[in-house]
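J.: Give me the fold of what follows.
(one chain, ligands or ions: 2)
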Amino acid sequence: MKSSLMHFVPPVSRDRIISQFPKWYTPEACLQLKEHFHTQVSTAWQQSTATAGLKISKVVVVGDLYVGKTSLINRFCKDNFDRDYKATIGVDFEMERFEIIGIPYHLQIWDTAGQEKFKCIASAYYRGAEVIITVFDLADIQTLDHTKQWLEDALRENEPDSSFIFLVGTKKDLVSDAVCERTELDAIRLANEMRAEYWSVSAKTGENVKEFFSRVAALAFEQSMIKELENTPGHMAQIGAGNLISMWSFGFCVYFPCLQSEGLGRFFKH
Ligand SMILES: Nc1nc2c(ncn2[C@@H]2O[C@H](COP(=O)(O)OP(=O)(O)OP(=O)(O)O)[C@@H](O)[C@H]2O)c(=O)[nH]1
Ligand SMILES: [Mg+2]
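T.: Numbers count the residues shown, from 1 in each chain. Ligands and ions are numbered 1, 2, ... in the order given. Predicted coordinates for the structure are as follows:
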């Protein structure tokens with residue numbers, strides 16, 4: 001039985017290896033102007049005070065229908081872009097593997113439906129989110145106003161101050177530099193009110209997509225490591241704020257085939 005579970009983990013792809021603290025989009029739109037990982041975290045691995053267990057942080061992506069949530073996730077996870085609109089029904093998610101200052105790390109990225117009729121299904125998946133990404137369409141300013149409500153709904157399911165918040169303007173390729181600049185001023189003002197970090201991206205061209213998710217991964221990783229170093233010694237891994245998986249109990253990494261990088265599954269079809 002043990003041998004069938006003993007799959008050695010394939011190496012992480014180069015663009016998922018983070019050794020320096022990723023930069024912000026602009027200083028005005030950022031809450032953490034630091035440029036290095038917390039010393040406690042960066043020394044933890046060498047001093048093996050960090051447990052070697054599997055580390056996973058849960059990310060939920062919310063926002064109006066058609067703003068580009070699925071496209072943003074697909075550009076990052078699969079490096080593809082589909083012009084045709086296929087509304088997300090319910091939720092969908094991907095598991096993305098990183099190596100951050102030498103430590104294996106996963107983002108469990110939950111894509112939710114923007115359509116009103118699927119809101120109740122999607123909101124069931126907000127709980128335990130270490131990161132909440134609220135998305136609007138830079139070419140449809142009305143969707144920016146709606147991000148406040150989306151954020152409120154997601155925060156209601158989580159402990160206060162337990163999630164990093166990002167406000168993301170998509171479809172940057174569809175607006176002129178002048179319109180983008182004007183809209184970003186409004187968006188950054190709102191991001192400051194939300195206590196969110198702001199990014200503008202384009203899933204079509206890929207502009208800022210890798211940089212954005214590297215920033216998400218590094219901030220969530222650091223927060224989870226500090227929490228772990230403070231209060232959970234020993235070889236345990238945590239998914240979101242929920243259940244624990246005991247790993248490394250045999251002194252080696254047991255790779256659960258279900259945690260394949262192409263996504264754990266589809267809860268609902270497109
Ligand atoms: N030009 C351009 N089009 C985009 C971009 N991102 C998404 N789109 C298009 O916008 C439409 C909606 O994109 P989706 O990613 O399906 O939107 P969504 O937010 O997931 O929508 P729901 O699943 O209904 O909530 C699709 O036709 C995409 O091709 C972008 O960065 N640039
Ligand atoms: Mg979608």
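
J.: What residues does this protein have near ligand 2?
T.: Proximity of the chain to ligand 2, by Cβ under 5 Å from the ion, involves residues 69, 70, 88. Heads up, the C-betas are built off the backbone N, CA and C, glycines and all.

J.: Keep only those that also lie close to ligand 1.
T.: 69, 70, 88 (Cβ under 6 Å from any ligand atom).

J.: any low-confidence regions in this structure?
T.: For the chain, the stretches flagged by pLDDT under 70 are 1-9, 45-53, 232-270.

J.: Name the residues of it found near ligand 1, please.
T.: 65-71, 82-83, 85, 87-88, 113-115, 170-171, 173-174, 202-204.

J.: Check the residues you listed for burial and list the buried ones.
T.: For these, a neighbour count by 16 or more other Cβ atoms under 10 Å gives the buried set as 66-71, 88, 113-114, 170-171, 202-204.

J.: Go through the residues of the chain next to ligand 1 and flag which are in helices.
T.: Under the assignment DSSP state H, the residues of the chain next to ligand 1 contribute 69, 70, 71 to helices.

J.: closest to ligand 2 among those residues?
T.: residue 70 (3.2 Å; Cβ to the ion).

J.: so that closest one makes contact with residue 110?
T.: No. Using Cβ atoms under 8 Å, residue 70 is not in contact with residue 110, being 11.4 Å away.

J.: Tell me where the stretch 1-150 of the chain has strands.
T.: Per DSSP state E, counting those that start in this stretch, the stretch 1-150 of the chain carries strands over the ranges 17-18, 56-63, 91-100, 103-112, 131-137.

J.: Might you name the residue of the stretch 51-200 of the chain sitting closest to ligand 1?
T.: Closest contact between the stretch 51-200 of the chain and ligand 1, by Cβ to the nearest ligand atom, is at residue 114 (2.7 Å).

J.: Could I get the contacting residues of that residue?
T.: 62, 63, 64, 65, 66, 67, 69, 87, 88 (Cβ atoms under 8 Å, 6 or more residues apart in numbering).

J.: what about 7 Å?
T.: Residue 114 makes contact with 63, 64, 65, 66, 67, 69 under the criterion Cβ atoms under 7 Å, 6 or more residues apart in numbering.

J.: Tell me if I'm right that the third one and residue 87 touch.
T.: Yep, that's residue 65 we're talking about. Yes. Residue 65 is within contact range of residue 87, at 6.2 Å (criterion: Cβ atoms under 7 Å).

J.: anything in contact with each of those two?
T.: Common neighbours of residue 65 and residue 87 (criterion: Cβ under 7 Å, 6+ apart): residue 115.
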